[in-house]
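1. Fold the stuff below for me.
(chains A and B)
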2 protein chains.
Amino acid sequence: MQNRKIVPRKLAGFWELEPEKELLFETMLDKIKQVFLKYAFLPLDTPVMELSEILLAKSGGDIDKEIYRITKGSTDACLRYDFTVPLARYVAMNEGSLTFPFKRFQIGKVYRGERPQKGRYREFYQCDADIIGNEKLSMVADAECICLYKDIFASLGLKGVVEISSRKLLFSLVEDLGLKEKFNQIATILDKFDKIGEKEVSSLLQELDICEKATNSLIKFVSIKGDFENIEKSLNFVSKSTAFKEALEQLKQLDQFLKNMNAENSYTFNMGIIRGHNYYTGTVFEAYLDGKRNLGAVGGGGRYDDLASYFSERKLPGVGMSIGISRLFDICLQNNLLDSNFTAKNKLSIIPLGDTLNQCLTLCSQIRKEGIACDVMFEEKSFKSKLKDANRLGVPFVVIIGEDEVASGKFAVKNMETGEQKLLSKEELIKQMR
Amino acid sequence: MQNRKIVPRKLAGFWELEPEKELLFETMLDKIKQVFLKYAFLPLDTPVMELSEILLAKSGGDIDKEIYRITKGSTDACLRYDFTVPLARYVAMNEGSLTFPFKRFQIGKVYRGERPQKGRYREFYQCDADIIGNEKLSMVADAECICLYKDIFASLGLKGVVEISSRKLLFSLVEDLGLKEKFNQIATILDKFDKIGEKEVSSLLQELDICEKATNSLIKFVSIKGDFENIEKSLNFVSKSTAFKEALEQLKQLDQFLKNMNAENSYTFNMGIIRGHNYYTGTVFEAYLDGKRNLGAVGGGGRYDDLASYFSERKLPGVGMSIGISRLFDICLQNNLLDSNFTAKNKLSIIPLGDTLNQCLTLCSQIRKEGIACDVMFEEKSFKSKLKDANRLGVPFVVIIGEDEVASGKFAVKNMETGEQKLLSKEELIKQMR
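-> Predicted coordinates:
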């Protein structure tokens, strides 16, 4: 019986790179990881699935249409859609044995079953770093999270800036305007200011029965930008309540810490940064690539008062930063932002000519021993098609080994980019490949 | 209303390491990855889910009880249980654009919904490297896969050996005995030889209506061990059919390639290696840690004639090696096999004393700039409890910075292991941390 073939397909909207690009992407992940380690964050790798009762705690068990749910026997689980809930679960589970402040990062895949579209994936990489305190947490933690962007951008050869605001400051204004009960709705509207502009925001606020004077104050607030001194000056129209003074003092501290961490020029203040998640209660920030603000934020984060309130009686305030690395990678590729030296791909391919396969294998093993990526093009193909393959794979150097080369111990090394050819001994070859 | 707390739980049988161990594990993964890259394998990262029709092609759509299935809207998918099916799907999908032989590795999580038990996980890490040929594939590919173990063990500071056999050789014997139709059943029984011994295997073979003479031949076969010359000599009782001669010639080639790849002492032959999967059609092998053979194989693999037969008309022979890295990591931890220098964790914690937090932040950013992991213990805790925290986190060096230190520019650096304390300038400190 003839086998009926199944058409090989991948799930739509799932991230899968060709191997050459995957190598580039993993180089990117590794550079980011090295920055986290330098900042003394430790890695955490939670399961891809969490129990549904954990993952859906926030929604009281209601399942969001974007969530992938798996039931199997007595198991009722969901694929994680972010790293925040798994972190909350982990910290609550282990709060007795953790050393606080707990600094962890997580790089991995998350799942959102939305309709696939350009730049949006159903499975994609996310990268988070958070600092969790026990009962209290210094503003140094916020400064560390913001500072991470500077070093990560630098390690990737990118330039960017973090725009900082404070939800607490906004709250103090909203309270001052007598609109405390509507805070979350107001925040959601103001979060769109950048996208839809002043006029649209005004009309949305009016739909909430907010008077013109209050609307003007709110719009004035989200329009404030600049360095800390400028922010402080521009906020003179807000009543100096205790909450306001406290929030402003925290921003001032943050500004000072960042300066002392040599982070000048890598951040600014922008009261228009609100963030979509209402669990943020203090500092909020977003990171943008220089000259690419129109592409939207490549990362963001903020301070939350109580990470694990669903799981723990203990108050665990935290601050976290996040980068949408699948998206960042796409942006970098599309805009040629990745350094051409990004992957040190110093690879050598050996082409046997005649009956020299065994000698080629020996040379290859010696070169690999030196830590240099090397392979033997061992298949029975024509010399020409092997050179073509090497070219297609982007191999920078090729050595051709016939019986003469074996006898003389001198090998013709071809630079595939320039076409230049050199006769080198084994030792010279290894030296050059280094 | 008081929030009802949800007990924070992790799914049973899912892999989750505490951050210090996770760092160790990731160091292990990275060392393995570097070996793959040195051998010119490229990374592939397929989605965690595959369409059910793809993943269940082998079973004709029947769902195995171990498989996690996800249905959502029109999506019918399963979590991958290995990397072989995703590789087959990927190669078949992209066969027109790939350069053959296609060398890829994949490191990631796979899912098997079995009952959790000691040493068995439902979510665990697997690591595969495969070489796929177009129509044909040289035995060099088999040699490369076997050789990988040698370099991977060396990079992890482990010692091990690969035991090699050939299913083709076994097939030629079974054919010679007139038992061709029962090959898969015979292979499944012989695969247990190591575990259940000769007597049990004999009685299982007899249950298959295999005569005593044939049973003796089969048992004689799987008892053959040693170097290639020994194997060749010991197989004198098998008729020299064309299939037999071809299979023996391939093993001989493999032996020669391995010798030329400087792999002596890292492999041996053992005709008792059968492997459980019936898709293997040629070379099969298993890797064992020296002196830990009783713990079972830590990896294995072999040659399959046709990887993508469910998805493609093209013949795509391949050979692959695999390591159960979650299990290997467990074994290494339990047996103290990991080098104590495994992670270069040269970390420094700075403890501010008095009003020196800002100076500490500046020093910390300067040290990080040198690529050294460093943090400031910024929380308002007592000096004593900070030292305790540093100890618990395994921080090797601590610097205590009070106002005197800021004034003098000399810092007291404490070696947390020896208790020794040294006064160092910033430059000396950086030099020592390197």
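2. Going by C-alpha atoms from here, please, whenever you check contacts or count neighbours.
-> OK.
3. and stretch A:117-127, how far apart are its ends?
-> Stretch A:117-127 has an end-to-end distance of 21 Å (Cα to Cα, to the nearest Å).
4. tell me which parts of the stretch 51-200 of chain A are close to chain B?
-> Within the stretch 51-200 of chain A, the positions lying close to chain B (Cα under 8 Å from any Cα of the partner chain) are A:51, A:53-54, A:57, A:68-72, A:89-90, A:92-93, A:99, A:101, A:104, A:123, A:137-138, A:140.
5. Just the buried ones among these, please.
-> A:51, A:53-54, A:57, A:68-70, A:89-90, A:92-93, A:99, A:101, A:104, A:123, A:137-138, A:140 (16 or more other Cα atoms under 10 Å in any protein chain shown).
6. Poorly predicted segments of the stretch 251-400 of chain A, please.
-> A:340-346 (pLDDT under 70).
7. Run through the bridge partners of the nearest residue to residue A:69 once chain neighbours are set aside.
-> Excluding the flanking residues, the one nearest residue A:69 by Cα to Cα, 6 or more residues apart in numbering or on different chains is residue A:78, at 4.2 Å. Beta-bridge partners for residue A:78, by DSSP bridges, are residue A:50, residue A:69.
8. For residue A:78, give its distance to residue A:114.
-> Residue A:78 sits 15 Å away from residue A:114, going by Cα to Cα.
9. Give me the distance between the spatially most central residue of chain A and residue A:115.
-> Taking Cα atoms, centre = their mean, the centroid of chain A lies closest to residue A:323, which sits 2.7 Å from it. For residue A:323, the distance to residue A:115 equals 22 Å [Cα to Cα].
10. cool, residue A:96 as well?
-> Distance from residue A:96 to residue A:115, by Cα to Cα: 41 Å.
11. Compare the two and say which is more crowded by neighbours.
-> residue A:115 (11 against 8; other Cα atoms under 10 Å in any protein chain shown).
12. So what does that one look like in phi/psi?
-> Dihedral angles of residue A:115 (phi, psi; degrees, to the nearest 10) stand at phi -60, psi 130.
13. right, and the residue nearest to residue A:69 touches residue A:47 too?
-> No: using Cα atoms under 8 Å, residue A:78 is not in contact with residue A:47, being 10.5 Å away.
14. Compare those two (neighbour count), which wins?
-> The residue with more neighbours, out of residue A:78 and residue A:47, is residue A:78; 23 against 18, by other Cα under 10 Å.
15. contacting residues for residue A:427?
-> The contact partners of residue A:427, by Cα atoms under 8 Å, 6 or more residues apart in numbering or on different chains, come to none.
16. Out of the residues of the stretch 51-200 of chain A next to chain B, list just those in helices.
-> Of the positions in those, A:53, A:54, A:89, A:90, A:92, A:93, A:140 sit in helices, assigned by DSSP state H.
17. Would you mind measuring from residue A:162 to residue B:103?
-> 41 Å.
18. quick one, domains of chain A?
-> A:19-334, A:348-433 (automatic domain parsing).
19. what's the distance between residue A:211 and residue A:171?
-> In this view, residue A:211 and residue A:171 are 17 Å apart by Cα to Cα.
20. Look at those two and report which has more neighbours.
-> Ranked by neighbour count (other Cα under 10 Å), residue A:211 and residue A:171 place residue A:171 first, with 22 against 13.
21. Which residue, other than its chain neighbours, is closest to the more buried one?
-> residue A:183 (6.9 Å).
22. Wait, a strand at the one you found?
-> No: looking at residue A:183 with DSSP: H, G, I helix; E, B strand; the rest coil, it is helix, so not inside a strand.
23. Close to chain B: what parts of the stretch 201-350 of chain A are there?
-> A:257, A:260, A:261, A:262, A:309, A:310, A:311, A:312, A:313, A:347.
24. picking that back up, adding distance to residue B:235 and pLDDT as columns, could you present the ones in helices among the residues of the stretch 51-200 of chain A next to chain B in TSV?
-> Below are these laid out as TSV (distance: Cα to Cα, whole Å; pLDDT from 0 to 100):
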residue	distance to residue B:235	pLDDT
A:53	61	91
A:54	60	91
A:89	59	96
A:90	57	97
A:92	62	95
A:93	59	95
A:140	72	96
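25. Could you tell me the end-to-end distance of stretch A:174-189?
-> Taking Cα to Cα as the measure, stretch A:174-189 stretches 13 Å from start to finish.
26. Name the residues of that stretch that come out as buried.
-> Buried residues in stretch A:174-189, counting neighbours by 16+ other Cα under 10 Å, are found at A:174, A:175, A:176, A:177, A:183, A:186, A:187, A:189.
27. farthest pair in those?
-> For the buried residues of stretch A:174-189, the maximum inter-member distance is 18.2 Å, found between A:176 and A:189 (Cα to Cα).
28. So what's the residue count around the nearest residue to residue A:89 once chain neighbours are set aside?
-> Setting aside the residues directly before and after it, residue A:89 is nearest to residue B:8 in space (Cα to Cα, 6+ apart), at 5.3 Å. Counted with other Cα under 10 Å, the neighbours of residue B:8 add up to 20.
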